[in-house]
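Q: only geometry, no sequence info:
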């Protein structure tokens, strides 16, 4: 109530009592649920941060179960029964390990569902509903299985080490271990806590794409901070120091996740044509880039790392590689925070914000024409996996069906962004004439003009003008650099004349 006001809190409570709030929030969540459907993205979108340290539970147990439940309701009920009938399920409940039974059709309050599948109405839409249900079974079933299998495995290890975690009447009872373990498993699998704002979870869920998931990524950083605190010592923001046994679990999981991802990127960087951005102020930080395709293995942590780096330094690194102050309409850190928050908006709330601003988050102008309406409807309602396939197949104004495989990792939750900036296209054309050189390195005026007259480059400028109201996406620094290059070329030509 301190955050939103007592009047709003009372109003929401009354709506909850009548059921109107639940129905409204369910309907508001339809676009998000649709965009999250028709893929198998749970493993790397929400499960990898925990799964990297528990390969058997991730690869051998949870992943096969995901495919089985996606195509069979019977298998979903069998998985539900297997998890709940385990002898330690009651202990997992005591530890508050998150479990969502909605994947077998059980009625669950909207705030207690997996955020990406918060809408029950979406599962009843004609034609689309069956696919949404299958996607829900796969997504929720995978996470339920992974969370509980990891919990059961760790608990068995503790018992084997002689720890008393389930018998209050016996000496050396350690209930704090269960609480810390449940919290850790939930955080690493994208189920963060909202603190005093928990009562507003349905409202936040309708306003933001996945507020608990976003919070879980910040809270994963606090888990790392707790490793350096004495047991029981409380520090603002970070929280309370962990028990020694729990510190081992946290360290193993975080090191496994970070180390595995770093190794993958390191190996990729040795391949020809692959680059990895290491500056956290860049939006491409930590991504493997192959041509115009960027791969993000960081399970939602990458944008948080970029945000914190920009917030701390008050600087950003643009697509041209130039570092500049993080300015904006409001300025500096406030603008950085505002853009980060807007990037996490739900499809419905994001649409309202875009309409108010007259442009999208990425700067595309909103017009009341068929092309714009069709584009916005597709981007806000179509499954993300389908959007990725479309981006992979449609590049430089032409259709290429052989580009579709580039989007395959996105079906399993690995972030895939496929786009080509104006200067990247210009440099690509340049290298057809001068291998290894960038456009700004060319001093031959005739060749420069030939590159600028290339149909692919002209089409890109027209596309940008249509979307953004400008014919270029070059940064101010790049435009200045290009202007100086033109001056030098002019000087050289003048020297030959005089």
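A: Perfect, thanks for sending it. Everything quoted here is computed from the prediction, not taken from an experiment.
Q: residue 319 and residue 421 touch, don't they?
A: Yes. The pair residue 319 / residue 421 is scored as a contact, 5.3 Å apart, by Cβ atoms under 8 Å. The way it works is simple: take the backbone N, C-alpha and C, and place the C-beta from them, glycine included.
Q: by contact count, what packs against the helix ranked longest in the chain?
A: Using DSSP state H to define each element, the chain has its longest helix at helix 129-160. The helices and strands touching helix 129-160, judged by 3 or more Cβ pairs under 8 Å, 6 or more residues apart in numbering; DSSP states H and E, are helix 30-35, helix 42, helix 48-51, helix 63-70, helix 73-84, helix 89-94, helix 175-188.
Q: where in the stretch 1-150 of the chain is pLDDT low?
A: Counting by pLDDT under 70, the ranges of the stretch 1-150 of the chain that qualify are 1-19.
Q: one more time with 90
A: The model of the stretch 1-150 of the chain has pLDDT under 90 over residues 1-26, 28, 107-112.
Q: and the gap between residue 417 and residue 58?
A: 24 Å (Cβ to Cβ, to the nearest Å).
Q: now the spatially most central residue of the chain, nearest residue through space, not along the chain?
A: Of all residues in the chain, the one closest to the mean position by Cα atoms, centre = their mean is residue 300, 3.9 Å from it. Distances taken as Cβ to Cβ, 6 or more residues apart in numbering place residue 217 nearest to residue 300, at 5.2 Å, with adjacent residues excluded.
Q: would residue 119 count as being in a strand?
A: No. Assessed with DSSP: H, G, I helix; E, B strand; the rest coil, residue 119 is coil; it does not lie in a strand.
Q: can you report phi and psi for it?
A: phi -90, psi 120 (degrees, to the nearest 10).
Q: surely it meets residue 26?
A: Yes. Counting by Cβ under 8 Å, residue 119 does reach residue 26; the two are 5.3 Å apart.
Q: looking at those two, which one has more neighbours?
A: The residue with more neighbours, out of residue 119 and residue 26, is residue 119; 26 against 19, by other Cβ atoms under 10 Å.
Q: so what's the residue count around residue 365?
A: Residue neighbour count, defined by other Cβ under 10 Å, stands at 14 for residue 365.
Q: got it, and residue 89?
A: 17.
Q: what separates it from residue 438, distance-wise?
A: Going from residue 89 to residue 438 by Cβ to Cβ gives 59 Å.
Q: can you name the helix or strand that residue 191 falls in?
A: In the assignment (DSSP states H and E), residue 191 maps to no helix and no strand.
Q: same question for residue 363.
A: Counting by DSSP H and E, there is no helix or strand that carries residue 363.
Q: now it: how far from residue 132?
A: With distances taken as Cβ to Cβ, residue 363 is found 31 Å from residue 132.
Q: more neighbours: the two, which one.
A: Taking other Cβ under 10 Å, residue 363 and residue 132 do not tie; residue 132 has more neighbours (24 against 13).
Q: ok, the more buried one touching residue 34?
A: Yes. Using Cβ under 8 Å, residue 132 is in contact with residue 34, at 6.9 Å.
Q: find residues that contact each of those two.
A: Listed as contacting both residue 132 and residue 34 by Cβ atoms under 8 Å, 6 or more residues apart in numbering are residue 122.
Q: can you report how many residues lie near residue 106?
A: The tally of other residues near residue 106 (other Cβ under 10 Å) stands at 9.
Q: how about it, secondary structure?
A: coil.
Q: roughly how far does it sit from residue 112?
A: Distance from residue 106 to residue 112, by Cβ to Cβ: 11 Å.
Q: and what of residue 233?
A: 32 Å.
Q: who has more neighbours, these two?
A: Neighbour totals were compared for residue 233 and residue 112, and residue 112 leads with 14 against 11 (other Cβ under 10 Å).
Q: residue contacts, the more buried one?
A: Contacts of residue 112 were listed using Cβ under 8 Å, 6+ apart, and they are residue 100.
Q: again, only using 10 Å
A: Residue 112 makes contact with 98-102, 118, 201-202 under the criterion Cβ atoms under 10 Å, 6 or more residues apart in numbering.
Q: which of those fall within helices?
A: Within the contacts of residue 112, residues falling in helices by DSSP H are 201-202.
Q: chain center to stretch 340-355, what's the gap?
A: Stretch 340-355 has its C-alpha centroid displaced from the chain centroid by 15 Å (Cα atoms, centre = their mean, to the nearest Å).
Q: buried residues of it, list them for me.
A: By 16 or more other Cβ atoms under 10 Å, the buried positions in stretch 340-355 come out as 340, 342, 344-351, 354.
Q: so of those, which ones are in helices?
A: Applying DSSP H to those, the entries found in helices are 340, 342, 347-351, 354.
Q: dump those residues to a markdown table, plus distance to residue 464 and pLDDT.
A: Formatted as a markdown table, those follow (distance: Cβ to Cβ, whole Å; pLDDT from 0 to 100):
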| residue | distance to residue 464 | pLDDT |
| --- | --- | --- |
| 340 | 24 | 93 |
| 342 | 21 | 90 |
| 347 | 24 | 88 |
| 348 | 28 | 82 |
| 349 | 27 | 83 |
| 350 | 22 | 86 |
| 351 | 22 | 84 |
| 354 | 18 | 82 |
